[in-house]
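J.: predicted model, plus sequence, below.
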Amino acid sequence: MMVSSADEEKEVIEIGQPKHVSHRPSSSEQPLISLQQVSKTYGRIAALKEVTLNVFAGEFISLVGQSGVGKTTLIKLLTRQESPSSGQVFIASRNLADLSPCEIPLFRRKIGIVFQDFKLLPQKTVWENAAFALEVCGVSDEEIRRRVDKVIDLVGLSRSCRNYPHELSGGERQRVAIARALVHSPRILIADEPTGNLDPVNTWEIIELLQRINGKGTTVIIATHNRQVVDRVNRRVILMKGGKVISDQEGGKYVI
Amino acid sequence: MSFSFLSLKRATKLGWSNFWRNRSLTIGATLLMMLTLLMIGLSLLISYTVRDTSEIVRSKIGLTIFFRDDSLSDEKINQLSSRISSVGGVDSVEFVSKADALAVFNRLKINEDIKKPLNEQFNPLPRSLEIKLSDVSNIEEVVNGIEQQDREKIICSDCLSYKKNKDVVERLVTGTRLAQQIGWVLSLLFGLIAIFNVSNIIRITINARADELEIMRYVGASNWFVRGPFMVEGVICGLLGTIGASAILLIGAKILTPYWESSQQNSASAIFSFMGVSLDRYLLNNLGMIILIQLAVGVMAGLLVSYLSVRRYLRA
């Protein structure tokens, strides 16, 4: 389905623009992330239906909705694990469909990804887990030491940096995962249900950490179905249902 | 960037530590590789031996024309000799006088009692022409050529018996070819088995580390970096397999040689002594080539298998 670019742009401007707020961009600013009429189907199942969305640098987005509404699909499109069936995804004005296989790893270094199940390497210590992300990218040992020490400190794990993941609490493990996501100093941090496996206290700590990271200028997108998290964050909330964005508002609450 | 020295170093380190961490699997793969390479080495050795032996045997097969009629003058035989040397396919012609024949007879390792009655006065041994052929397979044409040159019909009808020789030659030629073909087919088969089995084992180790692969991709490792450690592992597997297989081959030859040479009835031993080398000597002479082929097969199989197995995880 082809749509002329002029039409697309009009629609982008009409829909999905938060009208107020803290990190409000000037109207001339380019969106950091832009989804234009993105659909994704798996076989005959439509996971996303013509989603159009703009995210500006510095925003903290809560992507909410029940399981199976397309949150994870949306995140997979943003991290280029999946390609849209139709429509386009732009990050920093770059169409992700144009990325060559060689460019995908380079692109992923610019975004941090955090998962519900942490995905840490069990046989590596906290410090090594964070360092791994830089090792695989050909960063020098010296630079690795400098950057890893910094992020470990940021997530408050300096004391347990020699411990292995199984020796840590769930909240601590998620901090390690966040540290690993941050070692590349990404512009965007994407977290898929980052608090899904955590108790309330750990949840707050992680959310606080994410807010702190956002405060330093990193754009944060979290997918969650935790009502308290969303209400507490009190920033832009995008509510999804049946593969569509049904509500998008700044300072939103979790409503279904 | 992705091929930088630092990345290579890290991939090697990671590959080695993975190899060691999953040693029950990887050592299994290495042993299998070793066994396969050993089989390839053995088939190669056999096919080399057969080739070399047959070459020597063929070079020794020739025609001999006996002259039982002692009244025939040496001159006539020499005339025939020079005519024969012009026949196509003839390498050299040598005249063997009665005295030469006696000398050869006396050198034979047979019962001395048989030798006793013969001396320079009583020498019933015939004179002969020994003809060496450049290629034994066309012996029939050469025989025809020689018969045409024999204008004075001094060669008696049953003196030029090549029929027996011809059979030997033909059997040797087809036997050699067959043995070589079997050797190559076996090598190929073992190679395929190795690739198949090693690929399964490496796939298992890769599946066991699917999480690690996934994480590598999330944190932005380039595809070559993801493949790197696994390919290093494959190469280690191939290298160790080659070392093991070559060692077994060498030690085996060292152990077997004395037994082999002590049993005179053994036809293999006869072949080797015929060739003037011992089994281990022969193995050593050809070991370089065999190890090289084993190494190439081992390392290539390791690399290829790892590359193909990881490819599945790198899509998307």
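T.: The structure has been received and is ready for your questions. Owing to the predicted nature of the structure, the values given are computational and were not obtained by experimental measurement.
J.: so which residues on chain B come close to chain A?
T.: Proximity of chain B to chain A is assessed by C-beta under 8 Å from any C-beta of the partner chain, with B:1-2, B:4, B:6-7, B:10, B:21, B:211-212, B:214-223, B:225-226, B:316 identified as the residues in range. All C-beta atoms are positioned from the backbone trio N, CA, C, and that covers glycine.
J.: which helix in the chain runs the most residues?
T.: Using chain A. Secondary structure of chain A read by DSSP state H shows that its longest helix is helix A:200-215.
J.: chain B was what I was after
T.: Selection of the longest helix in chain B by residue count, based on DSSP H, yields helix B:163-208.
J.: which residues of the stretch 151-300 of chain B score low on pLDDT?
T.: Applying pLDDT under 70 to the predicted model, the residue ranges of the stretch 151-300 of chain B that meet it are B:151-166, B:168-169, B:172, B:257, B:259-283.
J.: same thing but 90
T.: Within the stretch 151-300 of chain B, the ranges that satisfy pLDDT under 90 run B:151-238, B:241, B:245-300.
J.: nearest the middle, which residue of chain A would you pick?
T.: Using C-alpha atoms, centre = their mean, the residue of chain A that lies closest to the mean C-alpha position is A:I190, 1.3 Å off.
J.: who are the contact partners of it?
T.: Going by C-beta atoms under 8 Å, 6 or more residues apart in numbering or on different chains, A:I190 touches A:75, A:78-79, A:111-114, A:220-222.
J.: quick one: buried residues of whichever strand or helix holds A:A179?
T.: Mapping A:A179 onto the secondary structure by DSSP states H and E places it in helix A:170-182. In terms of neighbour count (16 or more other C-beta atoms under 10 Å in any protein chain shown), helix A:170-182 has its buried residues at A:170-182.
J.: next one: stretch A:212-229
T.: Buried, per 16+ other C-beta under 10 Å, within stretch A:212-229: A:213-214, A:218-226, A:229.
J.: using CSV, write out the CA atom coordinates for stretch A:199-216.
T.: Backbone C-alpha positions of stretch A:199-216 (Å, rounded to 0.1, in the frame of the first residue of the first chain) are rendered in CSV as follows:
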residue,chain,number,x,y,z
ASP,A,199,8.6,-7.1,43.9
PRO,A,200,7.2,-3.6,44.6
VAL,A,201,10.3,-2.3,46.4
ASN,A,202,12.7,-3.4,43.6
THR,A,203,10.2,-2.1,41.1
TRP,A,204,10.4,1.4,42.5
GLU,A,205,14.1,1.3,42.6
ILE,A,206,14.3,0.3,39.0
ILE,A,207,11.8,2.9,37.9
GLU,A,208,13.7,5.5,39.9
LEU,A,209,16.9,4.5,38.2
LEU,A,210,15.2,4.8,34.8
GLN,A,211,13.9,8.2,35.7
ARG,A,212,17.3,9.2,36.7
ILE,A,213,18.7,8.0,33.4
ASN,A,214,16.0,9.9,31.6
GLY,A,215,16.9,13.0,33.6
LYS,A,216,20.4,12.8,32.0
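J.: contacts for it, please.
T.: The set of residues that contact stretch A:199-216 without belonging to it, under C-beta under 8 Å, 6+ apart, is A:58, A:60, A:154-156, A:169-171, A:174-175, A:178, A:182, A:189, A:191, A:194-195, A:198, A:220, A:222, A:226, A:228-229, A:232-233.
J.: what comes up buried for that stretch?
T.: Of the residues in stretch A:199-216, those scored as buried under the neighbour-count criterion (16+ other C-beta under 10 Å) are A:202-207, A:209-210, A:213-214.
J.: make CSV from these and add distance to A:S85 and pLDDT to it.
T.: Converted to CSV, those look like this (distance: C-beta to C-beta, whole Å; pLDDT from 0 to 100):
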residue, distance to A:S85, pLDDT
A:N202, 37, 89
A:T203, 34, 92
A:W204, 38, 91
A:E205, 38, 90
A:I206, 33, 92
A:I207, 33, 93
A:L209, 35, 93
A:L210, 31, 94
A:I213, 32, 94
A:N214, 31, 95
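J.: from the residues you listed, which two are the most distant?
T.: A:N202 and A:N214 (18.6 Å; C-beta to C-beta).
J.: re earlier: any idea which of the buried residues of stretch A:212-229 is closest to B:L32?
T.: Proximity to B:L32 was ranked across these by C-beta to C-beta; first place goes to A:A223, at 45.5 Å.
J.: what secondary structure does that closest one sit in?
T.: Of the three states, A:A223 takes strand under DSSP: H, G, I helix; E, B strand; the rest coil.
J.: hang on, it packs against A:E193?
T.: Yes: A:A223 is within contact range of A:E193, at 5.9 Å (criterion: C-beta atoms under 8 Å).
J.: picking up where we left off before, which strands and helices sit next to the longest helix of chain B?
T.: Using 3 or more C-beta pairs under 8 Å, 6 or more residues apart in numbering or on different chains; DSSP states H and E as the contact criterion, the elements in contact with helix B:163-208 are helix B:23-60, helix B:139-149, helix B:223-262, helix B:279-314.
J.: quick one, which of those helices is nearest to A:R145?
T.: Between A:R145 and the helices and strands packed on helix B:163-208, the tightest spacing by C-beta to C-beta is seen for helix B:223-262, at 19.8 Å.
J.: how far off centre is the closest one?
T.: When distances are taken as C-alpha atoms, centre = their mean, to the nearest Å, helix B:223-262 is centred 19 Å away from the chain's centroid.
J.: report the angle between that helix and helix B:279-314.
T.: With axes from the mean of the first three to the mean of the last three C-alpha atoms, to 10 degrees as the criterion, the two stretches helix B:223-262 and helix B:279-314 enclose an angle of 160 degrees.
J.: could you check which residue of the stretch 51-200 of chain B lies nearest chain A?
T.: Shortest the stretch 51-200 of chain B-to-chain A distance, computed as C-beta to the nearest C-beta: residue-wise this is B:S199, at 23.0 Å.
J.: that residue is in contact with B:V310, isn't it?
T.: No: at 11.1 Å, B:S199 and B:V310 do not qualify as touching, with contact defined as C-beta under 8 Å.
J.: return the helix or strand in chain A with minimum mean pLDDT.
T.: When each helix and strand of chain A is scored by mean pLDDT, DSSP states H and E, helix A:5-14 comes last, with a mean of 36.
J.: out of the buried residues of helix A:170-182, who's near chain B?
T.: Contacts with chain B within the buried residues of helix A:170-182, as defined by C-beta under 8 Å from any C-beta: A:R180.
J.: between the buried residues of helix A:170-182, which sits nearest chain B?
T.: Distances from chain B to the buried residues of helix A:170-182, taken by C-beta to the nearest C-beta, are shortest for A:R180, at 6.6 Å.
J.: the closest one and B:V219 touch, don't they?
T.: Yes: with contacts counted by C-beta under 8 Å, A:R180 reaches B:V219, the gap being 6.6 Å.
J.: so what sits against both of those two?
T.: What both A:R180 and B:V219 touch, as defined by C-beta under 8 Å, 6+ apart, is the set A:132-133.
J.: can I assume A:V237 sits in a strand?
T.: Yes: secondary structure assignment (three-state DSSP) places A:V237 inside a strand.
J.: burial of it, as a residue count?
T.: The local packing of A:V237 (other C-beta atoms under 10 Å in any protein chain shown) involves 23 other residues.
J.: pull the number of nearby residues for the residue nearest to B:E141 when sequence neighbours are not counted.
T.: In space, not counting the residues next to it along the chain, B:E141 is nearest to B:G89; the distance is 6.2 Å by C-beta to C-beta, 6 or more residues apart in numbering or on different chains. For B:G89, the count of nearby residues is 18 (other C-beta under 10 Å).
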